[in-house]
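Enquirer: Pasting the sequence and the predicted coordinates here, then a few questions.
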Amino acid sequence: MFRHILVPTDGSGLSTKIVNQAVGFAKDAGAKITFYFAKPDCPVAFYAGMDTIDPLTLESLANMTEQQAEQILAACEKLARDAGVTCARASTVSDSPYRGIIDAAASNGCDLIFMASHGRHGLNALLLGSETSKVLAHATIPVLVSR
């Protein structure tokens with residue numbers, strides 16, 4: 001039924017569990033996976049209280065984020081390839097992860113988003129809201145939510 005699955009990941013323990021579930025699901029369905037990582041954006045407002053902004057600091061943060069995305073997506077890719085599942089990777093800078101997830105699904109021609117039921121806990125979840133809930137509310141393709 002599904003041919004191309006987008007699997008958002010942040011490298012957390014729960015996310016790794018979901019990646020394993022998605023790989024098994026894709027293998028059973030004969031589907032391809034695109035693993036997606038939303039790289040955080042460093043908004044200018046973050047630096048508003050600083051007198052000077054060192055451009056090397058911004059470049060260093062961008063490089064660290066890129067390395068993090070590479071490590072996380074490479075680990076996902078290895079799990080899929082070891083299981084014999086065809087896969088690809090995608091990542092974009094996004095100040096709104098749910099929007100990045102939906103856009104990645106569309107631009108990669110995915111027909112299902114397979115994601116965790118939750119990510120952040122406690123006060124962070126209250127302040128930031130649930131990315132899964134936002135994906136569910138705004139996606140135009142099916143979303144499979146797993147725990």
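Expert: Ah, there it is. In this text, all values refer to a predicted model and were calculated from it rather than measured experimentally. Residues are numbered from 1 along each chain as shown.

Enquirer: longest helix in the chain, by residue count?
Expert: In the chain, assigned by DSSP state H, the helix with the most residues is helix 55-82.

Enquirer: What strands line up against the next helix or strand after that one, and which way round?
Expert: The helix or strand immediately downstream of helix 55-82 is strand 87-94, counting by DSSP states H and E. Strands that pair with strand 87-94, judged by DSSP bridges, come out as strand 32-40 (parallel).

Enquirer: what angle separates the partner strand from helix 55-82?
Expert: 160 degrees (axes from the mean of the first three to the mean of the last three Cα atoms, to 10 degrees).

Enquirer: Let's see strand 32-40 as PDB, backbone CA atoms only.
Expert: What follows is strand 32-40, C-alpha atoms only, in PDB (Å, rounded to 0.1, in the frame of the first residue of the first chain):
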ATOM      1  CA  LYS A  32      11.500   2.900   0.500                       C
ATOM      2  CA  ILE A  33      12.400   5.100   3.500                       C
ATOM      3  CA  THR A  34      13.600   8.700   3.500                       C
ATOM      4  CA  PHE A  35      15.000   9.600   6.900                       C
ATOM      5  CA  TYR A  36      14.600  13.300   7.800                       C
ATOM      6  CA  PHE A  37      16.400  15.500  10.300                       C
ATOM      7  CA  ALA A  38      15.200  19.100  11.000                       C
ATOM      8  CA  LYS A  39      18.300  21.200  11.700                       C
ATOM      9  CA  PRO A  40      17.500  23.900  14.200                       C
END
